[in-house]
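*Asks:* Got a predicted model here, sequence first, then my questions.
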Amino acid sequence: MDNVEIGLTYECKAIGIEKEVTGVVEQLYNNTVLINVVDCEPTDRTAIIELQNRLLVKYEDISACIQVECTA
């Protein structure tokens, strides 16, 4: 996915997490992005809380843009 943007929400498979999560992109890096998790499976909740809701995701593991940036 070439057009990942800060502030947009994506479905993705984060590094070290079993199931897909939904998160808002906070930072772009060379090979990964930093997301703030807004929704996840209950089985992964404890691990995500321990990581303070912030996870790294490889660009190739981002599957879909869920929501566009709020302009209000």
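*Replies:* Sure, I can see it. Computed from a predicted structure; not experimentally measured.
*Asks:* quick one: pLDDT of Asp61?
*Replies:* Looking at Asp61, its pLDDT is 96.
*Asks:* Name the residues of stretch 19-36 that come out as buried.
*Replies:* Neighbour counts using 16 or more other Cβ atoms under 10 Å place Glu20, Val21, Thr22, Gly23, Val24, Val25, Thr32, Val33, Leu34, Ile35 of stretch 19-36 among the buried residues. (Each C-beta comes from the backbone N, C-alpha and C, glycine too.)
*Asks:* Quickly find the element holding the fifth one.
*Replies:* When secondary structure is defined using DSSP states H and E, the element that contains Val24 is strand 21-28.
*Asks:* Rounded mean pLDDT for that strand, please.
*Replies:* For strand 21-28, the per-residue pLDDT values average out at 96.
*Asks:* Show me what it is packed against.
*Replies:* strand 9-12, strand 32-39, strand 54-58 (3 or more Cβ pairs under 8 Å, 6 or more residues apart in numbering; DSSP states H and E).
*Asks:* I am finished for the moment; much appreciated.
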